[in-house]
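In: just to be clear, the model below is a prediction. Sequence and coordinates:
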Amino acid sequence: MSKQYIKQILADAAIDTAVVVRGWVRTKRQSKNVTFINLNDGTTINNIQAVVEADTITEEVLAKINTGACLEIYGKLIASQGGNQKVEVQVENIKILGEADPDTYPIQPKKHSFEFLREKAHLRPRTNTFGAIFRIRHALSFAIHNYFNDHGFFYLHTPIITGSDAEGAGEMFRVTTLDLKNPPKTEEGNIDYREDFFGKETNLTVSGQLEGELGALALSKVYTFGPTFRAENSNTSRHLAEFWMIEPEVAFNDLTDNMDLAEDFLQYLVRYALQHCEDDLAFLDARFAEEEKQKPQQERSELGLLGKLKFVTENSFERLTYTEAVSILKNAKKKFQFPVDWGTDLQSEHERYLVEKHFKKPVILTHYPKDIKAFYMKMDEDGKTVKAMDVLFPGIGEIIGGSQREDDYQKLKDRAAQVGIEEESIWWYLETRKFGSCPHAGFGLGFERLVLFVTGMGNIRDVIPFPRTPKNADF
Ligand code: 4AD
Ligand code: MG
């Protein structure tokens, strides 16, 4: 017989049939004649209740059934006597697969802070909240592949180790096999990377875009979905040193097509979660409401979590230029911590003001000044701005960054030189503009920022199983 999992048993096992359930004890309630065990195997947020009548199992076994222990329970599925569940298991026998010492098992049935649980990242998937988050994370990954497959995109695997800096921001992790204590030196006294594993300087990628573009200029529609790495010393609730990015790249698309794709894609993903993660989202919606109650009135979200998600699927995104946004921000009554001036990058407080206070819906900002954006973006006719777009979301700020790409060989080459990118590191990228160039566009969606939005969590470290942040690479 194939193994049974709790989700299936709760959904479709017949009353009065024999069942074997396995999982981890969430709670045990004991009275004189009966013991109630709540068991969860992570297939669903819902526990199954097992009822042990007196004398069915020995005191010795009963004593070992503590929160965190792993059990195999043999019994019969019966209609539940209690109010909270439709069915329960009438226990005939219990085998303890793994004990958990109640004095040292850290995840007890009480409210733990997320900070505490981050230090127990090896066990936190066994809580309701993290179980729900990781199931939703899975559903969203699946939905991403679904969306692109249905729309004729090809999944392109771009390299993780690269010799170029796609974003030109220089925030990269070095990859080397050189002896750090005694590296080979050139005559000038610099480290001689010709002796290194790849015979050149290499890093972990900050983005798969440049290689993605090579794919788009042959297969028309491609996307990447992989880990990316940024060695910036950001300790915010929105930044990770290792995060997952989805980067579609499409030949013959211009900036408007790119915006249409981003909007349709995000709405599809949120809708998918609403349709496929009902139980988990209901749980997180209640958690979100509880959390909001702790905040001062003026900081509380007007909508609940489910309300926020539906709002995104039902309203089109506001589209305006960076220049228009700057004038809105300059005229705002709110005092910002960072001043706004044409030419400076917008801070998260500005982005959130536009989305949460001014427009009260997702916003797509376009045509940013060229100096605050990457070298590969297509220059506007005015020579000052580029065909960039950032999608801004409530509670998150920037969730997507993208652009139409510079497709003119000379302009791209000049721009790379201006910002100090060495031609020998991107000669292959430049060549696509020499041979059969065409207009094309794409964007990057930060996967964890999406999961943050959909789950209503407050910190990006809580939506990836094992977060990597400055001074933290445990687990
Ligand atoms: O805006 P970014 O830097 O754009 C790129 O990397 C382009 N190459 C994308 C493209 O056009 N193909 O990053 C894209 C998105 C951001 O909007 C944000 O959601 C996320 O990636 N992101 C991060 N997420 C978590 N931690 C970080 N440190 C992040 N940096 C960017
Ligand atoms: Mg960006």
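Out: Perfect, I can see it now. Ligands and ions are numbered 1, 2, ... in the order given.

In: residues in contact with residue 283?
Out: 45, 128-129, 132 (Cβ atoms under 8 Å, 6 or more residues apart in numbering). Just so you know, the C-beta spots here come from the backbone N, C-alpha and C atoms, and that holds for glycine as well.

In: ok, residue 91 next?
Out: Per Cβ under 8 Å, 6+ apart, neighbours of residue 91: 37, 50-53, 56-57, 73-75.

In: cool, residue 311 as well?
Out: Contact analysis of residue 311 by Cβ under 8 Å, 6+ apart lists 303, 361.

In: mind redoing it with 7 Å?
Out: Residue 311 is in contact with residue 303, counting by Cβ atoms under 7 Å, 6 or more residues apart in numbering.

In: one more: residue 392?
Out: 351, 354-355, 362-363, 365, 398.

In: among the contacts of residue 283, which one has the most neighbours?
Out: residue 132 (22 neighbours; other Cβ atoms under 10 Å).

In: quick revisit: looking at the contacts of residue 392, which are in strands?
Out: 363, 365, 398 (DSSP state E).

In: by neighbours, which of those wins?
Out: residue 365 leads those on contacts (other Cβ under 10 Å) with 24 neighbours.

In: any low-confidence regions in this structure?
Out: 1 (pLDDT under 70).

In: so where do the helices sit in it?
Out: 6-12, 59-63, 114-118, 128-150, 209-219, 255-276, 278-293, 305-314, 322-330, 348-352, 409-418, 423-431, 447-455 (DSSP state H).

In: buried stuff in the third one?
Out: In other words, helix 114-118. 117-118 (16 or more other Cβ atoms under 10 Å).

In: same check on the fifth one?
Out: Neighbour-count burial for helix 209-219, with 16+ other Cβ under 10 Å as criterion, is recorded at 209-217.

In: from these, which are also near ligand 1?
Out: Residues of the buried residues of helix 209-219 in contact with ligand 1 (Cβ under 6 Å from any ligand atom): residue 209.

In: quick check, nearest of the buried residues of helix 209-219 to ligand 1?
Out: Checking the buried residues of helix 209-219 against ligand 1 with Cβ to the nearest ligand atom, the nearest one is residue 209 at 3.7 Å.

In: tell me who's in contact with that closest one.
Out: Counting by Cβ under 7 Å, 6+ apart, residue 209 has contacts 166, 247, 249, 442, 444.

In: distance of it from residue 259?
Out: When distance is defined by Cβ to Cβ, to the nearest Å, residue 209 is 17 Å away from residue 259.

In: and what of residue 122?
Out: With Cβ to Cβ as the criterion, residue 122 and residue 259 are 41 Å apart.

In: so if I had to pick from those two, which one is more boxed in?
Out: residue 259 (21 against 12).

In: list the contacts for the more buried one?
Out: For residue 259, the contact set (Cβ under 7 Å, 6+ apart) comprises 319, 364, 389.

In: same deal with residue 265?
Out: So residue 265 contacts residue 147 (Cβ under 7 Å, 6+ apart).

In: and residue 118, by the same measure?
Out: Residue 118 sits next to residue 461 when contact means Cβ under 7 Å, 6+ apart.

In: quick check: the gap between it and ligand 1.
Out: Distance, residue 118 to ligand 1, by Cβ to the nearest ligand atom, to the nearest Å: 16 Å.

In: who's residue 222 bridged to?
Out: Residue 222 has the following beta-bridge partners by DSSP bridges: residue 154, residue 249.

In: so how far is residue 148 from it?
Out: For residue 222, the distance to residue 148 equals 9 Å [Cβ to Cβ].

In: compare these two and say which is more crowded by neighbours.
Out: residue 222 (26 against 19).

In: who in the stretch 101-250 of the chain is up against ligand 1?
Out: Within the stretch 101-250 of the chain, the positions adjacent to ligand 1 are 166-167, 207, 209, 230, 239-240, 243, 245, 247 by Cβ under 6 Å from any ligand atom.
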